[in-house]
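In: sequence unavailable; structure follows:
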């Protein structure tokens, strides 16, 4: 028989015919429906099915994702998740990486971490390290740090030295200054 609830015998029978919420299972006479046909009793239940932002944890409907599959609610959270330059702290989508795993946003920041040439002050990436632990960007700068022969002016890695501190590159140069 039909009554105020239509062709159902009671309000309870009528409600049992309603679609059920995908999350909580409650019967619904009104619902939120998604493109794929899923129905939810409230925005709260719908949000429970959404992926969560990898930074702030808010439900994400759309948003931004990265190559690792992380989802972000927007550009602000996405930027917070990016690697940071180890020198200036800037968020980076591209970077220079070193063998020790450090990341730099630019050549400028990378060079700021390098030792400086003891002669010209340029950054030294490789170069020459003296026995005293000083850095030189190239052979010319290294040679400028060496003592000079008192006679011929040649830079010397090995030398002869008199008691008075005078240095010579060879016996030949030393002999030229001895009294006869």
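Out: Nice, thanks for sending it over. Remember, it's a predicted structure, so these values are computed and weren't measured experimentally. Numbers count the residues shown, from 1 in each chain.

In: next, residue 29: secondary structure please.
Out: coil (DSSP: H, G, I helix; E, B strand; the rest coil).

In: run a quick neighbour tally on it.
Out: By the measure other C-beta atoms under 10 Å, the count of residues near residue 29 is 9. (Glycine included, C-beta is placed from N, CA and C.)

In: the chain should start at 47 in everything you say after this.
Out: Sounds good: first residue 47 from here, last item residue 75.

In: where does pLDDT dip in this structure?
Out: Low-confidence segments of the chain (pLDDT under 70): 47-52, 225-226.

In: gap between the residue nearest the centre of the chain and residue 143?
Out: In the chain, the centroid-proximal residue (C-alpha atoms, centre = their mean) is residue 129; its distance is 3.0 Å. Using C-beta to C-beta, to the nearest Å, we find residue 129 at a distance of 9 Å from residue 143.

In: got it, and residue 174?
Out: Applying C-beta to C-beta to residue 174 and residue 143 gives a distance of 25 Å.

In: kindly report the same for residue 75.
Out: 58 Å.

In: what of residue 64?
Out: Noted for residue 64: a distance of 57 Å to residue 143, by C-beta to C-beta.

In: list the contacts for residue 72?
Out: Residues counted as contacts of residue 72 (C-beta atoms under 8 Å, 6 or more residues apart in numbering) are 66, 87.

In: got the phi/psi numbers for it?
Out: phi -70, psi 140 (degrees, to the nearest 10).

In: ok so residue 186 is a strand residue?
Out: No - the assignment for residue 186, made by three-state DSSP, is helix rather than a strand.

In: give me the number of residues near it?
Out: 11.

In: one more: the one 10 residues further on?
Out: Here the count is done by other C-beta under 10 Å, and residue 196 has 18 residues near it.

In: and if you look at residue 199?
Out: 9.

In: how far away is the closest residue to residue 69 other than its chain neighbours from residue 61?
Out: Nearest residue to residue 69 in three dimensions, chain neighbours excluded: residue 91, at 3.9 Å (C-beta to C-beta, 6 or more residues apart in numbering). Distance of residue 91 to residue 61, given as C-beta to C-beta: 17 Å.
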